[in-house]
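Asks: What follows is a protein structure lacking sequence information:
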DNA sequence: GATAAAACATGACATTAATCAGCTAATTTT
DNA sequence: AAAATTAGCTGATTAATGTCATGTTTTATC
C-alpha cells in the first residue's frame, strides 16, 4: 500500500512525466548519508537497504525498501541531511526520483496524500521505538530470531518457506547489532533445533511458532 | 519551537476553549501503551517520560517531553494503539489534551501546521535511527556518556552545570539499555575522572568535551 | 522520631558475546 | 584454469556486562 495510491490519475501522470528512473546493480549506492536530497526515491523493482555508518565504521542496517516503498522522504521533509545511506541489494534495482516541488505541491493539494505521509512517518516511528526496546533489552539470540521473522514479513516467503531476500551473514549481523561470527553460530543452532534450514544465503523458516518463541515476541 | 507556533491567534484560542488541562504528580500515568488515544497531549509545565515495557517487564525510556512538547501524536496520526506509556517525572506536571478533531481540522486548514507536523515526525525518525545505531554498536560506557549529553541538550544546565532533570539510576539504566549497577559503577568512574560531579540525583557536567570524547560522538 | 521501604553502592561471580586466529568453501578476477 | 579475494565456519580466549548477594544510605510512612 504505497503512498501513491492516494493520488489521482492525473497526478500519477504528472509524476510520470517529471520523474527520472535509474538502474542499480547489487551494491550500488542510491544516496549517501550526510548529503542533501532534493526529492524522494521510489523503488520500482528490486530491493534496497538503508544503513548508517557507526563511529567504528560499522554498518547498521536501519530498514529495507521494496517495490512501492519510498526512501529519502525523511530528509526531504525534515530539511535535514540524509540520516542514512541507501544501496541496492539486488541487481536490476529500478528507482525513480521525484523532485521536491512535485512532492510538496501534492502534499499541499491532496489531503489524502498528505495524511498518507503523516501515517507512514508515524507508523515508522512506532516501529523504530520497538526496535530500540529490543536492542536495549533482548539478547542476540532473540534478536536474530526476531530479525528473521521481520524479514519474512517484509519480503514474504515462497512456497517452500524461503525468505525472499538474500543477505550475507555480515548483513544479518548489521541488522541484529552483533558480530558476524555470532550470527553464523546462532544460525547453526537454529538449524540444529530444526527451526530453520540454511542453504547458502537461502533461509527457510521451518518452524515459525518456534522462532516466535525464541524471539520472545507476543503480539 | 513547538508545533503550535504555526497557528494563528484565532486557532490558538479555539484550542484553548476545547482543551482540558490536567495535573499530574511524579509517577502518575498520562497514558498507557496499547490503549487508543483520541487526541494529543501538550506539556504545559513539568516533565514527562515516554517508555515501553519490554518482554521481561523492564521499562525502556524512548524519549522525554518538556513544556511546549506534544506527546501521543504518533498513535493519533498512525491510527494505531499508543506505542508507549507516558508518566510525569516531576510534581505539578500540567498537561492539556487537544481532541482529535481539532488537530485534524487544523492540519487540513493550516499548511504551516501540517508541515510542522511532518517536520517533527521526520526529525524524530532521524533521532530514532541514531539511537538504533548507538544501541547496536556502542558499549555501555559510551552510551551513558552520550545519554548525559543528550539530557543536557534536552533539559539544559543551570549556571552550575547541573543537568536540569532528576532521574534515578534505574531510569538512567532504562535509557542506556543496561543494568542499574552498571550505571552506578560508570557514574563513579566518570566522577573519578572529573568528567562529572554527582550529588544524589544531581549530575553536574564538569567536562563536556571530555564526555563527548568518551561518548565517541563527532558532530 | 521510629520503622519500613526504596534507592544507592560495592564485591564476587557467571554469562554472554566479542575478538582473534586459522582454516575451508565459494566467488571473482586475471 | 589458476590465483586471488571474499564469505563462511569453528575453536580458543578475553573482555564486557549482567546477576546475585549484601550492606548502607536516603526517603517515605506511620
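Replies: Great, that's in hand. Values in this document were obtained by computation on a predicted structure and should not be read as measured data. Numbering: from 1, shown residues only, chains lettered A, B, ... in the order given.

Asks: so the residue nearest the centre of chain A, which of the three states?
Replies: The residue lying closest to the centre of chain A (Cα atoms, centre = their mean) is residue A:64, at 1.2 Å. What DSSP: H, G, I helix; E, B strand; the rest coil gives for residue A:64 is strand.

Asks: Am I right that residue A:52 is in a strand?
Replies: Yes - counting by three-state DSSP, residue A:52 falls inside a strand.

Asks: residue contacts, it?
Replies: A:33, A:59-60, A:62, A:83-85, B:129-130, B:133 (Cβ atoms under 8 Å, 6 or more residues apart in numbering or on different chains). No exception for glycine: its C-beta is placed from N, CA and C like everyone else's.

Asks: Inside strands: which ones of these?
Replies: A:59-60, A:62, A:85 (DSSP state E).

Asks: hmm, who's touching the strand or helix carrying residue A:150?
Replies: Here residue A:150 sits within helix A:140-155, counting by DSSP states H and E. Helix A:140-155 has contacts (Cβ under 8 Å, 6+ apart) with A:47, A:64, A:66, A:134-135, A:138, A:163-165, A:167, A:172, A:175-178, A:182-183, A:186-187, A:189-190, A:195-196, A:203, A:205, A:208, A:211-212, A:214-217.

Asks: Can you read off the pLDDT for residue A:8?
Replies: Residue A:8 carries a pLDDT score of 69 in this model.

Asks: Hmm, I typed the wrong one, I wanted residue A:13.
Replies: pLDDT, residue A:13: 69.

Asks: Relative to residue A:79, how far out is residue A:73?
Replies: To residue A:79, residue A:73 is 12 Å away according to Cβ to Cβ, to the nearest Å.

Asks: what about these two, which has more around it?
Replies: Taking other Cβ atoms under 10 Å in any protein chain shown, residue A:73 and residue A:79 do not tie; residue A:73 has more neighbours (23 against 12).

Asks: hang on, isn't the more buried one packed against residue B:122?
Replies: Yes - checked against Cβ atoms under 8 Å, the pair residue A:73 and residue B:122 is within contact range at 7.2 Å.

Asks: what residues are shared contacts of these two?
Replies: residue A:121.

Asks: List the beta-bridge partners for residue A:52.
Replies: residue A:60 (DSSP bridges).

Asks: so where is chain A shaky, pLDDT-wise?
Replies: A:1, A:7-9, A:11-19, A:219 (pLDDT under 70).

Asks: DNA strand C contacts on that one?
Replies: A:139-141, A:177-179, A:181-182, A:200 (Cβ under 7 Å from any atom of the strand).

Asks: neighbour-wise, which of those leads?
Replies: Of all those, the highest neighbour tally under other Cβ under 10 Å goes to residue A:177, namely 24 neighbours.

Asks: what residues are up against that one?
Replies: A:60, A:135, A:140, A:143, B:135-137.

Asks: Over to residue A:3?
Replies: Applying Cβ under 8 Å, 6+ apart, the residues near residue A:3 are A:70, A:113, A:116-117, A:120.

Asks: cutoff 6 Å now
Replies: residue A:116 (Cβ atoms under 6 Å, 6 or more residues apart in numbering or on different chains).

Asks: For ChimeraX, write the selection for the buried entries among the contacts of helix A:140-155.
Replies: Of the contacts of helix A:140-155, the buried ones go into a single ChimeraX selection, burial set by 16 or more other Cβ atoms under 10 Å in any protein chain shown:
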select /A:47,64,66,134,135,138,163,165,167,172,175,176,177,178,182,183,186,187,190,195,196,203,205,211,212,214,215,216,217
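
Asks: hmm, back to that, please, a ChimeraX command that selects the buried ones among the contacts of residue A:52?
Replies: Buried residues within the contacts of residue A:52, by 16+ other Cβ under 10 Å, are selected in ChimeraX with:
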select /A:33,59,60,62,83,84,85 /B:129,130,133
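
Asks: between the contacts of residue A:52, which is nearest residue A:20?
Replies: Using Cβ to Cβ, residue A:85 comes nearest to residue A:20 of the contacts of residue A:52, at 19.9 Å.

Asks: which one is that closest one nearest to, not counting chain neighbours?
Replies: Leaving aside its sequence neighbours, residue A:85 sits nearest to residue A:33 (Cβ to Cβ, 6 or more residues apart in numbering or on different chains; 4.4 Å).

Asks: any idea how far that neighbour is from DNA strand D?
Replies: As defined by Cβ to the nearest atom of the strand, to the nearest Å, residue A:33 lies at a distance of 20 Å from DNA strand D.

Asks: So what does that residue have for phi and psi?
Replies: phi -40, psi 130 (degrees, to the nearest 10).

Asks: likewise residue A:98?
Replies: Torsion angles, degrees, to the nearest 10, at residue A:98: phi -120, psi 120.

Asks: what's the spacing between it and residue A:3?
Replies: Distance from residue A:98 to residue A:3, by Cβ to Cβ: 11 Å.

Asks: got it, and residue A:71?
Replies: Distance from residue A:71 to residue A:3, by Cβ to Cβ: 12 Å.

Asks: same deal with residue A:117?
Replies: Residue A:117 is 6 Å from residue A:3, where distance means Cβ to Cβ.

Asks: which SSE is the residue of chain A positioned farthest from its centre in?
Replies: No residue in chain A has its C-alpha farther from the mean C-alpha position than residue A:10, which lies at 29.2 Å (Cα atoms, centre = their mean). Using DSSP H and E, residue A:10 sits in helix A:9-18.

Asks: neighbouring strands for the following helix or strand past that helix, and are they parallel or not?
Replies: As assigned by DSSP H and E, the chain's next helix or strand after helix A:9-18 is strand A:20-24. Sheet pairing for strand A:20-24, assigned by DSSP bridges, gives strand A:93-99 (antiparallel).

Asks: downstream neighbour of the partner strand in the secondary structure list?
Replies: helix A:100-109.

Asks: how about that next one: buried residues?
Replies: A:102-104, A:106-107.

Asks: mind putting those in TSV, distance to residue A:54 included?
Replies: Shown next, in TSV, are the buried residues of helix A:100-109 (distance: Cβ to Cβ, whole Å):
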residue	distance to residue A:54
A:102	34
A:103	30
A:104	32
A:106	35
A:107	33
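
Asks: For chain B, state which of these is nearest.
Replies: residue A:107 (7.5 Å; Cβ to the nearest Cβ).
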